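Enquirer: Below are the sequence and a predicted model; questions follow.
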Amino acid sequence: MTFEEFCESTGLHGWKYIGSVRTKERYIWLLIVIGALCVAAFFLFMAAKDFTSSTVVTTIETTTAPLSEVFFPTIILCSINQIRQSLFKSVGVSDSSQVRLLLQTFYSGMNRALTEEEISTIQGIATRPETVLKLQKHWHLISNTNTTDWSSPVNQNLESLKRFSEENEAFINTFDFIRDLAVEEPGDSSVLSASYGSKVLHMNTTSFLPFFGTDFGLCSVIKPQIAFSPDEEISNMPWDLKMFGGLEIKKGAKVGKSNGLSMLLDAETYDYMFQVKASEGFKMSVQHHLDQPLMQINEIDISPGFESQVSVTPTLYTTSPAAKARFSPTERGCYSEEEISFEFLPHGIYRYDIGNCLFEAAYQEVLTTCGCTPYFHWGNVQLDFILQKRPFCKAQSLVCMNRVLQAIGSYKMINSSDPNRPGEKRSVPCLAACEDQTNDVQISYSVMPNRETLVRRPEFCLVVNKLRRSCGGFKAEGLSRYYPGLCNKILTTENICRENTMKTSHLLLTDPTGQDLIQAVFSYCKDNL
């Protein structure tokens, strides 16, 4: 077919005039057709460019997704008081210069290295029998028991103190573990009672103890699905297995206060000493159960003297398989679990999340720039390696670590294993997670307690029994200083809040002495609960 025959037979508009009209008009139609082809080519190019450069589109699939697809969040609870006065009394430290040395070495840092004399002073305190016994009890509570009741048979099998000291001499001498002992006496808890749904746990469980390291300090991490598990095998596990034993947490949550987590907290403000913040109470965070807590980013203040109601609104994010297949992580702005791994947040215990990535970036910066290991997070590094090669941050290196952690969020690059080249590292930016659940939090307050109802509520006996223990230990001095006569009233009223009078104690406090006790306990509760 000739060109003239094609022009005559085609249905394309304008082409037939090119081969059949006079020369002058033929050139005009030829220019029109060429112009049309150029315009069509331009629009085709723009469409192709738009297609190849377009990125992920975010759409709201539904605002009423079922709660069966939602994880009930984990609660991180940190006492603002990260070092208590009673610790120093219990280990025989009364000299103000020694107290100042310990605070500067392990908390605020100093602009010089420790002298040999200072190292010797610290080692002398660390190796005292009463100090080592606290560490032994602390480790026992983490790994060998599920109860803080020292009269329980499972807590009667501690090895000899001499053998324990010899086996852990290198670690004990550094006294880095002061940070473990400073938040609470081994076995004590700020959580007097907690309930999740219909199940109630009191303070003798290890699940509420402040064993978990965060950028704020040592905190309690409460995973309700595990801590309140109806499975007796799980409830009898020690703390470290509950936390790092790979227990599966299933999706599912319910609406309403009665289906949530409730806690009664005691701030023990009379025992305050060193405070990171100039306030009293607790820092709390609501996070996914596979996230490393970032208190500086997600913290909520819980003040004593109030009942705090925290409502949580979850949001689920997903990325379609087509978007994952078509776009690279930087193009779509997110990573899936198999595309990236952390060096110091082991997979299975932690997930990929941008918060975890920012923590990993800051942690790697501390290791590189400061040359020390943050005590609150050892990662998967062996203790022997830390003691010999990269000691815990303290004194001069602690200043460097604190400076990095205060800028957490500004470090956005991490070294990660390359899935395509085993054994090799690559530097990648922190991005969002392709599959994620975030929790938006709102909080409201009301004053508590009510004096007229306090004595009839279970909180009254929980407080009385805790004060009974505190008044018999090293916390008695602080209690007597802030609440004169309280310990005497508690210890001389032997018949209340015992097993057989727990529900009838209010009937035994109708005389003037009983009313004085109620008023003293009420004053304590206003300042601390």
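Expert: In hand now; what should we look at?
Enquirer: low pLDDT regions in the stretch 401-529 of the chain?
Expert: Where the stretch 401-529 of the chain drops to pLDDT under 70, the residues are 500-502, 504-508.
Enquirer: Now do the helices in it.
Expert: With helices called from DSSP state H, counting those that start in this stretch, the stretch 401-529 of the chain shows them at 451-454, 458-471, 476-482, 486-492, 512-528.
Enquirer: for these, which one ends up most surrounded?
Expert: helix 458-471 (a mean of 19; mean count of other C-beta atoms under 10 Å). Quick note: C-beta positions are derived from backbone N, CA and C, even for glycine.
Enquirer: got the contact list for it?
Expert: For helix 458-471, contacts defined as C-beta atoms under 8 Å, 6 or more residues apart in numbering pick out 192-193, 202-203, 264, 266, 268, 449, 454, 476, 479, 486-487, 490-491, 496-497, 502, 505-506, 521, 524-525, 529.
Enquirer: about what we covered before: distance to residue 386 added to the helices of the stretch 401-529 of the chain, as CSV?
Expert: Formatted as CSV, those follow (distance: least, C-beta to C-beta, whole Å):
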stretch, distance to residue 386
helix 451-454, 48
helix 458-471, 35
helix 476-482, 34
helix 486-492, 42
helix 512-528, 37
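Enquirer: Of all those helices, which one is nearest residue 232?
Expert: helix 458-471 (24.1 Å; C-beta to C-beta).
Enquirer: Please name the nearest non-neighbouring residue to residue 112.
Expert: residue 396 (6.0 Å; C-beta to C-beta, 6 or more residues apart in numbering).
Enquirer: What number of neighbouring residues does residue 494 come out with?
Expert: 9 (other C-beta atoms under 10 Å).
Enquirer: do you know how far it is from residue 517?
Expert: Distance of residue 494 to residue 517, computed by C-beta to C-beta, to the nearest Å: 12 Å.
Enquirer: So which residues of the stretch 151-300 of the chain form strands?
Expert: Counting by DSSP state E, counting those that start in this stretch, the stretch 151-300 of the chain has strands at residues 191-196, 199-202, 212-213, 218-222, 261-265, 272-275, 282-287, 300-302.
Enquirer: Need these in a markdown table (columns: mean pLDDT, distance to residue 318 and mean neighbour count).
Expert: Output for the strands of the stretch 151-300 of the chain, formatted as a markdown table (pLDDT from 0 to 100; distance: least, C-beta to C-beta, whole Å; neighbours: other C-beta atoms under 10 Å):
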| stretch | mean pLDDT | distance to residue 318 | mean neighbour count |
| --- | --- | --- | --- |
| strand 191-196 | 92 | 28 | 19 |
| strand 199-202 | 85 | 32 | 15 |
| strand 212-213 | 93 | 29 | 20 |
| strand 218-222 | 95 | 27 | 24 |
| strand 261-265 | 93 | 26 | 20 |
| strand 272-275 | 75 | 42 | 16 |
| strand 282-287 | 94 | 19 | 23 |
| strand 300-302 | 92 | 27 | 17 |
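Enquirer: Quick one: those as a markdown table, columns for distance to residue 29 too.
Expert: Shown next, in a markdown table, are the strands of the stretch 151-300 of the chain (distance: least, C-beta to C-beta, whole Å):
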| stretch | distance to residue 29 |
| --- | --- |
| strand 191-196 | 81 |
| strand 199-202 | 86 |
| strand 212-213 | 80 |
| strand 218-222 | 79 |
| strand 261-265 | 79 |
| strand 272-275 | 87 |
| strand 282-287 | 70 |
| strand 300-302 | 75 |
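Enquirer: Which stretch among these approaches residue 345 most closely?
Expert: Closest among those, using C-beta to C-beta: strand 212-213, at 12.4 Å.
Enquirer: distance between that closest one and the chain's centre?
Expert: Distance of strand 212-213 from its chain centroid, counting by C-alpha atoms, centre = their mean, to the nearest Å, is 8 Å.
Enquirer: Show me the contact partners of it.
Expert: 76, 218, 219, 220, 221, 243, 293, 374, 375, 376, 377.
Enquirer: I'd say the fourth one and residue 214 touch.
Expert: It stands for residue 220. No - the pair residue 220 / residue 214 is not scored as a contact, 10.2 Å apart, by C-beta atoms under 8 Å.
Enquirer: list residues touching both of those two?
Expert: Contacts common to residue 220 and residue 214, judged by C-beta under 8 Å, 6+ apart, are 76, 78.
Enquirer: measure the residue lying closest to residue 457 once chain neighbours are set aside to residue 480 for me?
Expert: The spatial neighbour of residue 457 that comes closest, neighbours along the chain excluded (C-beta to C-beta, 6+ apart), is residue 449 at 7.7 Å. Per C-beta to C-beta, residue 449 is found 22 Å from residue 480.
Enquirer: Can you give me the buried ones in the helix or strand where residue 103 lies?
Expert: In this assignment (DSSP states H and E), residue 103 forms part of helix 96-103. By 16 or more other C-beta atoms under 10 Å, the buried positions in helix 96-103 come out as 98, 99, 101, 102, 103.
Enquirer: now, which of those sits nearest residue 6?
Expert: After measuring the buried residues of helix 96-103 against residue 6 - C-beta to C-beta - the closest member comes out as residue 103, at 92.8 Å.
Enquirer: The closest one is in contact with residue 85, isn't it?
Expert: No - using C-beta under 8 Å, residue 103 is not in contact with residue 85, being 11.8 Å away.
Enquirer: contacts for the helix holding residue 103?
Expert: In contact with helix 96-103 (C-beta under 8 Å, 6+ apart) are residues 83, 88, 93, 118, 121, 122, 125, 175, 178, 274.
Enquirer: Tabulate those (JSON lines), appending distance to residue 357.
Expert: Formatted as JSON lines, these follow (distance: C-beta to C-beta, whole Å):
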{"residue": "83", "distance to residue 357": "31"}
{"residue": "88", "distance to residue 357": "39"}
{"residue": "93", "distance to residue 357": "40"}
{"residue": "118", "distance to residue 357": "38"}
{"residue": "121", "distance to residue 357": "40"}
{"residue": "122", "distance to residue 357": "36"}
{"residue": "125", "distance to residue 357": "39"}
{"residue": "175", "distance to residue 357": "33"}
{"residue": "178", "distance to residue 357": "31"}
{"residue": "274", "distance to residue 357": "31"}
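Enquirer: what's the helix or strand for residue 394?
Expert: Here residue 394 is assigned to no helix or strand, by DSSP H and E.
Enquirer: Tell me how far it lies from residue 483.
Expert: Counting by C-beta to C-beta, the gap from residue 394 to residue 483 is 35 Å.
Enquirer: And the two? Which one has more around it.
Expert: Ranked by neighbour count (other C-beta under 10 Å), residue 394 and residue 483 place residue 394 first, with 24 against 20.
Enquirer: phi, psi of the more buried one?
Expert: For residue 394, the backbone dihedrals are phi -160, psi 160 (criterion: degrees, to the nearest 10).
Enquirer: what's it in contact with, if anything?
Expert: 105, 106, 109, 174, 176, 372, 375.
Enquirer: which of these sit farthest apart?
Expert: 109 and 174 (15.6 Å).
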